[in-house]
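Chemist: Got a sequence here, can you model it:
(one chain, ligands or ions: 2)
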Amino acid sequence: MKLLEYEGKDVFARYGIPTLKRCGVIRIGDSPDGLALDGKGPWVVKAQVLAGGRGKAGGVKLAKTAAETREVAGKMLGMKLVTHQTQGKALTVEEVLVEEACDIAREIYISVVLDRRAGAPSVIASAEGGMSIEELAAGHPEKIIRVPVDAEAGLLEFQARQLAFDLKIPKKNFSDFTEFAKSLVRVFIENDASLVEVNPLVLTADEKLVAIDSKIVTDDNALFRHKDQAAKPDHEASDIEREAKGIGINYIGLDGDIGCMVNGAGLAMATLDTVKMAGGDAANFLDVGGGANVEQITKAFQIILKDPKVKAVLVNIFGGIMKCDNIASGVVEASKKVGLAVPLVVRLEGTRVNEGKEILARSGLKLEQADSLWEAAQKAVAAARR
Ligand code: GDP
Ligand code: MN
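Modeler: Ligands and ions are numbered 1, 2, ... in the order given. All right, here's what the predicted structure looks like:
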C-alpha cells in the first residue's frame, strides 16, 4: 500500500523525524478557510496524489500570503495532475496538504529500499537531491551511495556517521542526521515497508534538517501486523479492487478488454502474458483462489463484469484439488446466474477434464472451449475483436 505524503509524515512524526509545520489537510468540498495559517508565511501547498514529480507538474506551489495560500489550495483541489510518474494518466487531486514553507539551502536524496541482490534493506543516498534519482543513477551512478543494512540490527552508528561524511553533512547537523538516518531505517523495518523515501531531505537556510517530502510503500502481506494501516483506505485501489478484496478475490484492474478468471497467481500471470502474445490485452489479473466453487466463480464473474471495458471473458482453470467437472458445473451455473452477455472462452485442464468439457458442451451456453492456453488466448482475442 502506498501512503500519501501527509500519511507518511504522520509516520515520520512518530519516529521523531522532523517535518515542516502542518497547517492542515483539506479535501474536496472543504473550505480553505479551515487551514491554520497563523504563521507569517510563506506556505507550501501540495497536491496529495500517489505520484512523485508533482513539483514540475504544478502540484507543489509556494504562496506568500494567507489569502494567496487559500486561493492556491482551493484551486488545487479537484485539479487533474499528470506527472512523469503517472504514465500519461491524470490523477484527480482529492486532498491538499498545506505546510509552513522553509528556505532551502541544500537538497539531499535518501531512501531505504529492499535490495534483493543484497538480500537486505539498503539505504540509498545522494548529495544531489531534489532531482529525479532515476536520472542521476543512469547518468552518474558514482554519485549514488548504497549502504546495506542488517534487518535485525538496523542502521549502525558507524554506518550512519559514514553516510553523513559521504553526504558532506555540516558539523552542526551531524548528529541530527545520524539520528534521522537510523530512524528512517526503523520506519522501514518496523512498518514492513518496501520503500521509504525522502526526496528531498533539506538543509534549510537557518541550518535545520527537515524531511520535506515523504514516500512510504508498505507490504500488503504484512498488513495483519499493522491494524492502523489496514484500517486506512487504500488510495490506489479502484472501487472494483476494493470490492474484490472484501470478498477474498485477488483482483487487479488492467487496461485491456479481455476479462481473465484464473486459479493461482502464477497461472494468472502466464495467462496475461499469453493473451498479450496472442495480440490482446487483459482487463484484469484475477486469481479465484484454491477453492474454485460456484460461489467463488459467480463472485469472480460479477467482479470481472463490473469493468465496462470487458469485451470477452477467458476462463483458464487447472483442476487439481477441485476437479474439472465440478469447475465446469460451477462455470455453467455462475454464467447463468450473472446472465453473461459477452463471449466466453473456457480452457480447463487437469483431473476429470473430459467430463468437464462434456458438461460445458452440453450446457447450452454460447461458449468456446480450448484445449491449450495458447488456443484459448487466440480465441479470446478474436472474440473481443468481433
Ligand atoms: P515532488 O515533486 O512530488 O517530489 O514534491 P516535493 O515535495 O519533493 O516538492 C518538489 C520541490 O518543491 C522540492 O524539491 C522543492 O524544491 C520544492 N519545495 C517543496 N517544499 C518547499 C518549501 O517548503 N520551500 C521551498 N522553497 N521549496 C519547496
Ligand atoms: Mn519529492
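
Chemist: Check residue 290 and give its pLDDT.
Modeler: As summarised for this prediction, residue 290 has a pLDDT of 64.

Chemist: before we move on, what about residue 172?
Modeler: Looking at residue 172, its pLDDT stands at 97.

Chemist: Distance of it relative to residue 21?
Modeler: 21 Å (CB to CB, to the nearest Å). C-beta: built from backbone N, CA, C; applies to glycine.

Chemist: now do residue 40
Modeler: From residue 40 to residue 21 the distance is 12 Å (CB to CB).

Chemist: my guess is residue 62 contacts residue 41, does it?
Modeler: No. Using CB atoms under 8 Å, residue 62 is not in contact with residue 41, being 9.2 Å away.

Chemist: what do these two both touch?
Modeler: Both residue 62 and residue 41 are contacted by residue 101, under the criterion CB atoms under 8 Å, 6 or more residues apart in numbering.

Chemist: residue contacts, residue 305?
Modeler: 259, 313, 338, 340, 342.

Chemist: element containing the second one?
Modeler: The one in question is residue 313. Per DSSP states H and E: residue 313 is located in strand 312-319.

Chemist: That strand - contacts with which helices or strands?
Modeler: Contacts defined by 3 or more CB pairs under 8 Å, 6 or more residues apart in numbering; DSSP states H and E place strand 312-319 against strand 258-262, helix 265-277, helix 294-305, helix 324-338, strand 344-350, helix 373-385.

Chemist: 6 Å instead, please
Modeler: The contact analysis (3 or more CB pairs under 6 Å, 6 or more residues apart in numbering; DSSP states H and E) places strand 312-319 against strand 258-262, helix 324-338, strand 344-350, helix 373-385.

Chemist: hey, which of those is tucked in deepest?
Modeler: Ranked by mean neighbour count, these are led by strand 258-262 with a mean of 29 (mean count of other CB atoms under 10 Å).

Chemist: buried stuff in the helix or strand bottoming out on mean pLDDT in the chain?
Modeler: The weakest-scoring helix or strand in the chain, judged by mean pLDDT, DSSP states H and E, is helix 227-230 (a mean of 82). If you call a residue buried by 16 or more other CB atoms under 10 Å, then helix 227-230 has these buried ones: residue 229.

Chemist: May I have the strands that pair with the strand holding residue 313, each with its orientation?
Modeler: strand 258-262 (parallel), strand 344-350 (parallel) (DSSP bridges).

Chemist: quick one: contacts of the shortest one?
Modeler: Defining contact as CB atoms under 6 Å, 6 or more residues apart in numbering, one finds that strand 258-262 is touched by 268, 271, 275, 280, 282-283, 286, 300, 304, 310, 312-316, 380, 384.

Chemist: Report the rounded mean pLDDT for that strand.
Modeler: The model assigns strand 258-262 a mean pLDDT of 96.
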